[in-house]
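Peer 1: Attaching a predicted model along with its sequence, questions to come.
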Amino acid sequence: MTEAAAAPSGVAAGAGVPAAGAIGFRRSALHLGALWALAFAQPLFDLLGRNAEFFVARGSTAGDILLLAFGYALVPPLAGAALVWALGRIRPGAGWAAHLVLVAALVTGLVLPPVGDVLGGSGLALAVAPALGALAALLYARAAPVRTFVSVLSPAPLVVLLLFLVVSPARELLLPGDATEAVAGPASSGVPIVHVVLDELPVTTLTDASGRIDPELFPNLARFAAGATWYRRATTVDDLTTEAVPAQLTGEQPHAGNLPTARQHPRSLFSLFEGSHDLIVVEPITDLCPERLCGSERPGTGDRLTALESDLEIVVQHLLLPEDLRTDLPAIDRVWEGFEEGSVDPGGLHGGAALKGDVLARLDADDAAAGFAKAIGALSRPHERPALVFVHSTLPHGPWRRLPDGRQYPTRPRPYLGLSAKGWTGPQWQIDQNFGRHVLQVQYTDRLVGELLDALRANGLYDDAVIVVSADHGAAFRTGQPRRPANAVNAADIAGVPLLVKRPGQREGRVDDRSVRTIDVLPTIAEAAGTRIPWTTDGMPAGERPVDTAARIELTHAGVDAVDLPLGQLLAERREREAVEARLLRAGPYAIGPAPGLIGRRVGAARPADGAPRARIDGAADFADVDLADPVIPALVAGSVDGLGANAVLAIAVGGRIRATTRTFADGDRIAFSVIVPPEALRSGRNAVAVLQVEPSGELRPLGATR
């Protein structure tokens, strides 16, 4: 091919200087499409294709996925080509110049992540990547072989679409129907069934120093345990919700590549009892209940696509930005959706994706309580057959922003302190404060579980029912370790989960030390309901498990082997963690801090000394007019300090009394602090908040206020 033949229309041969005409729409679209596919579409589709649970958790339809795929792969380059064509119609050289600018921008996006990795961050990368993009555009303009090479890449958008829609696991979500059929279950059964799965709850959170469920912190779960069987050595089989929940519903071990859908899990709790029970199902993350049994309650198309676009914007930034620029982005691996909703503004809960429509009463609030409310409301209605209630709650999973009474608080400076993409990297004291906030959210979850159990009693179902309360997996709170996934160091925190089973007619509680796994939940329910499972399960009724501390506990991650340790080792490490948590919670979750003995002490109105460090409280206006009846109250006090370094001990006083203690930490270019105060410390109206430094001698030094 000659240089003249290779040159775009309107470009002088070899020179790259605009001539009489503009680059044609077709050639511009093909070249921009190729570069867009490599820089933007392929990374996103590769990630989503390997994590198709992203769509399941959002209730996305096949139409949503197709619209996303074709829209994201084709619309941006077509829009760019249209702009080039339009400018070329006005002035040929302007169209060619616009095309080169777009080429430079796309190459910049393509090289920015690897350049950032090579250069160790964005400092140089943000200068080098655009320079490389400009150089690439210059070569494109002046060298025919470069343009020819880009022409060869022009099928890239179609290849990327083919890989995503036909080859990746996402293809399963595009097939019509749920491909399930009735599984022979009991012809009749008079046993009501209730199965509650809590999200990310280590069993150690619930236990006190004596190893029992703490009745002060978690009264409803403790009361339930007093009349149920607590399998206190129960362990999960997988550390991801999308595998761990199906394992409980099917009795089958997770396998890599399986999606949490009815198509790939046709045999489940729902299909087993569909012939004998009325189903009440709250399933926000997985989708194992077939549509023919549970229907399909989704938000409107506009709401779904708006939410999907909002979350994908964050995902794309995580994919394309250097690591240091991703630090302040909302997490995409700690919540299922609504990534921009990492914190709560006192003015209200705003926009963004929420849980699937069958869980939420409102699209503008991440209200996990709605799932329990739906189940409780359904129980109050008459049923011709026994009820089967399944509730998977997204609580107490983070972000941690709930108080025990259900009110929320703004999370500043970010929802998780000391947590990076690599795991917990902050000092242990900071992670301990995260743990305290986790406990507060578990207390709220305990309240919701109690409301459901009370509804069962009020409707006369409790005594005759088989009731299971479990969790999908735990979480670790150790610096230097990931919160998840599991490894040999944090496995004890992630593997151990609560599993409480009340059988029909059971009134006395007992503790059972069998080596029960979460794949035993469905076989245990079936046995208690007096029926047989007509398929071979990997699990077994809990009563058939031996008491065996030498049992190997295999824990998978996304169905792939991750940990294989003896139960005895996990139990020993669990006891160590229980001792740590008992010490932290000795005076309650609000007292976790470096100087708990100061809490409750009155402080005078002493003026700061001249030259004393100064503190600035973020959102100080929130404390000027507190309404305790609001669903969001400023129970988290956060801000920055000038004149102190990291790790300085602070006391936070509200209304003239110390309510919490904490330490300072480096947060970018400032020294920050953040701590929860008990809601009873606040009063309606104006609240005086003071920050004091705790000297090594124990003396309190008031800090000046910076507004």
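Peer 2: Happy to help now that I have it.

Peer 1: now for the lengthiest helix in the chain, which elements pack on it?
Peer 2: Secondary structure of the chain per DSSP state H: the longest helix is helix 428-458. Secondary-structure packing of helix 428-458 (3 or more Cβ pairs under 8 Å, 6 or more residues apart in numbering; DSSP states H and E): strand 193-198, helix 203-206, helix 219-225, helix 369-379, strand 466-471, helix 567-584, strand 657-663, strand 670-676. Just so you know, the C-beta spots here come from the backbone N, C-alpha and C atoms, and that holds for glycine as well.

Peer 1: nearest to Ala127, of the ones you listed?
Peer 2: strand 670-676 (25.2 Å; Cβ to Cβ).

Peer 1: can I get the CA coordinates of that closest one in PDB?
Peer 2: Listed next in PDB are the C-alpha coordinates belonging to strand 670-676 (Å, rounded to 0.1, in the frame of the first residue of the first chain):
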ATOM      1  CA  ARG A 670      -3.400  16.800  56.700                       C
ATOM      2  CA  ILE A 671      -3.500  15.300  60.100                       C
ATOM      3  CA  ALA A 672      -7.000  14.000  60.700                       C
ATOM      4  CA  PHE A 673      -9.100  12.300  63.400                       C
ATOM      5  CA  SER A 674     -12.400  10.500  63.300                       C
ATOM      6  CA  VAL A 675     -14.400   8.800  66.100                       C
ATOM      7  CA  ILE A 676     -18.000   7.800  67.100                       C
END
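
Peer 1: Straight-line length of stretch 547-562, end to end?
Peer 2: Terminal residues of stretch 547-562 lie 24 Å apart, using Cα to Cα, to the nearest Å.

Peer 1: Now it: average pLDDT?
Peer 2: The average pLDDT within stretch 547-562 is 93.

Peer 1: buried sites along that stretch?
Peer 2: By neighbour count with 16 or more other Cβ atoms under 10 Å, stretch 547-562 contains the buried residues 551, 553-559, 562.

Peer 1: Which pair of those spans the longest distance?
Peer 2: Largest separation among the buried residues of stretch 547-562 by Cβ to Cβ: Ala551 and Ala558, giving 23.1 Å.

Peer 1: hmm, back to that, which one among the buried residues of stretch 547-562 gets closest to Gln443?
Peer 2: Using Cβ to Cβ, the buried residues of stretch 547-562 come closest to Gln443 at Leu555, 27.2 Å.

Peer 1: would you say the closest one is within a helix?
Peer 2: No: judged by DSSP: H, G, I helix; E, B strand; the rest coil, Leu555 forms no part of a helix; its state is strand.

Peer 1: Show the contacting residues for it.
Peer 2: 235-239, 486, 491, 494-495, 562-564 (Cβ atoms under 8 Å, 6 or more residues apart in numbering).

Peer 1: Just grab the bridge partners of it for me.
Peer 2: Beta-bridge partners for Leu555, by DSSP bridges, are Val563.

Peer 1: returning to that earlier point: could you tell me the angle between the longest helix of the chain and strand 657-663?
Peer 2: Between helix 428-458 and strand 657-663, the angle comes out at 120 degrees (axes from the mean of the first three to the mean of the last three Cα atoms, to 10 degrees).

Peer 1: by how many degrees do helix 428-458 and strand 193-198 diverge?
Peer 2: 160 degrees.

Peer 1: Helix 428-458: how far from the chain's middle?
Peer 2: 17 Å (Cα atoms, centre = their mean, to the nearest Å).
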